[in-house]
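> requesting a structural model of the entry that follows:
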Amino acid sequence: MACREPPSPGLRRQTPWSRPECGRLGGTPTGAPDGAGRISPPPLQIVTTGPRLLDRVRAAIRTRHMSVRTEEAYVGWIRRFILFSGKRHPSDMGEPEVSRFLSALATERRVAASTQNQALAAILFLYREVLARKLDWLTELVHAKRPARLPVVLTRAEVEAVLAHMTGVERLVASLLYGSGLRVLEGLRLRVKDLDFGGQQVIVRSGKGDKDRATMLPVALHAPLRAHLAAVRAQYERDLAGGRAAAVEVPHALRDKYPSAPRDWPWQWVFPAARRYIDPTTGESRRHHLHQTIIQRAVRRAAVAAGIPKPISPHTLRHSFATHLLEAGADIRTIQQLLGHKDVTTTMIYTHVARRGPWGVQSPLDRPPQPI
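Okay, here's the model as predicted:
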């Protein structure tokens, strides 16, 4: 029987390899004496095991053009599942092991329901798309409770106070998130071609759920954005003049169809990073967009400086955008389209935080007293 190589620290199937009939590397054939007259064991025969499991997962995700963040999340959850199960190969496990892992997330880790659902989606993807195996219904799964949460919303005065304590590109990004209702990565991934000043709209490409949509471009941001783009254009031209390829990442196979697209001005990031990086697959010098943590930290610092006692993040500006539109009398369906919500029930949550109340009524305590 052929012996296999020792299991690596990765996630290959762990097969028995130290059987009595397996010898050491470089031994002589069985029954053949060595120089001291001893019988050497048979030589070790190494059997290749093909691509590692996580590499197969990454390949399956990239073949389906799923986002990089989805790839990172799925690979992370699959790795945690295998470590939780004693480093057993997933093909040797099934519904009981999956149920135990997901139940432990809810009972021991006390994760949110959305976190447990993400882990379940990753494991189902592993079995369905990579291992070509369908899992039966997980009857023993303990589901994490999904609490009803209201979004944190700022008043108009609080938004102005936060923006007043921000400067430069951070303030411009935060203003765009509030003025257009963008998610933070949607704002940072904007290309020059996505800003339509004439139509007063922002085109969001490959947003959440890989969907495109159009939202408003505030007139108040036209002049600041044009000045910012002029500075970005100057940096872009300096890169070209200096002999450095002013290349950016482009979606999927667009580079093969339009080879010059990564270096064309319309495809450049609206908010490029200050430093360049070397793409490991092509060896090309590129410039990425600003990292989301830069905006997250800037918004939190501004909120603290403004003395606002609320847990504020860049996404709070998106919540405030929807709520303030609702308070101004905007139609709920219009707000749904601007936000890119799949279901209007998701947008309806803002009716519960609008200052006019969920039903458009006034508290009796706020009414003027009636004469006796």
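
> need the contact list for residue 145.
Contacts for residue 145 (C-beta atoms under 8 Å, 6 or more residues apart in numbering) come out as residue 113. C-beta here means a position set from N, CA and C on the backbone, and glycine is covered the same way.

> where's it, which helix or strand?
Here residue 145, judged by DSSP states H and E, is contained in no helix and no strand.

> next one: residue 87
Per DSSP H and E, there is no helix or strand for residue 87.

> so how far is residue 269 from it?
Residue 87 sits 41 Å away from residue 269, taking C-beta to C-beta, to the nearest Å as the criterion.

> out of these two, which sits in the busier spot?
residue 269 (19 against 12; other C-beta atoms under 10 Å).

> list the contacts for that one?
Residues counted as contacts of residue 269 (C-beta under 8 Å, 6+ apart) are 188, 189, 190, 191, 192, 232, 248, 287, 288, 289, 290.

> please tell me I have it right and the last one contacts residue 173.
Yes: in this structure residue 290 lies within contact range of residue 173 using C-beta atoms under 8 Å: 7.3 Å.

> let me see the contact set for the spatially closest residue to residue 236 that is not a sequence neighbour.
In space, and not counting its chain neighbours, residue 236 is closest to residue 246: 5.2 Å by C-beta to C-beta, 6 or more residues apart in numbering. Shown in contact with residue 246 (C-beta under 8 Å, 6+ apart): 236, 239, 240, 263, 268, 287.

> how about the last one: which residues does it bridge to?
In other words, residue 287. For residue 287, the beta-bridge partners are residue 276 (DSSP bridges).

> and the contacts of the helix-or-strand element of the chain with minimal mean pLDDT?
Lowest by mean pLDDT, DSSP states H and E among the helices and strands of the chain is helix 254-257, with a mean of 79. Here helix 254-257 makes contact (C-beta under 8 Å, 6+ apart) with 261, 262.

> equivalent analysis for stretch 294-303, please.
If you take C-beta under 8 Å, 6+ apart as the criterion, stretch 294-303 is touched by 162-163, 165-166, 170, 173-174, 177, 184, 187-188, 310, 312-314, 316-317.

> dump that stretch to PDB, restricted to CA.
What follows is stretch 294-303, C-alpha atoms only, in PDB (Å, rounded to 0.1, in the frame of the first residue of the first chain):
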ATOM      1  CA  ILE A 294      -9.100  56.300   7.200                       C
ATOM      2  CA  ILE A 295     -12.700  57.600   6.900                       C
ATOM      3  CA  GLN A 296     -14.000  55.600   9.800                       C
ATOM      4  CA  ARG A 297     -11.400  57.000  12.200                       C
ATOM      5  CA  ALA A 298     -11.900  60.500  10.900                       C
ATOM      6  CA  VAL A 299     -15.600  60.400  11.500                       C
ATOM      7  CA  ARG A 300     -15.200  59.000  15.000                       C
ATOM      8  CA  ARG A 301     -12.600  61.700  15.900                       C
ATOM      9  CA  ALA A 302     -15.000  64.400  14.500                       C
ATOM     10  CA  ALA A 303     -17.900  63.100  16.500                       C
END
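
> next, the buried residues of it.
For stretch 294-303, the buried set under the neighbour-count rule, 16 or more other C-beta atoms under 10 Å, comprises 294, 295, 298, 299, 302, 303.

> quickly find the element holding the second one.
I take that to be residue 295. Under the criterion of DSSP H and E, residue 295 resides in helix 292-306.

> mean confidence score for that helix?
Averaging pLDDT along helix 292-306 gives 96.

> now do stretch 204-215
88.

> now do stretch 185-196
96.

> not counting stretch 307-315 itself, show me its contacts.
152, 154, 158, 161-162, 174, 177, 183-184, 292, 295-296, 299-300, 303, 316.

> swap the cut-off to 10 Å and go again
Stretch 307-315 has contacts (C-beta atoms under 10 Å, 6 or more residues apart in numbering) with 151-155, 157-159, 161-162, 165, 173-174, 177-178, 182-185, 187-188, 292, 295-296, 298-300, 302-304, 306, 316, 319-320.

> give the ChimeraX command for selecting the buried subset of the residues you listed.
To isolate the buried members of the contacts of stretch 307-315 in ChimeraX, using 16+ other C-beta under 10 Å:
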select :153,154,158,159,161,162,165,173,174,177,178,182,183,184,185,187,188,292,295,298,299,302,303,306,316,319,320
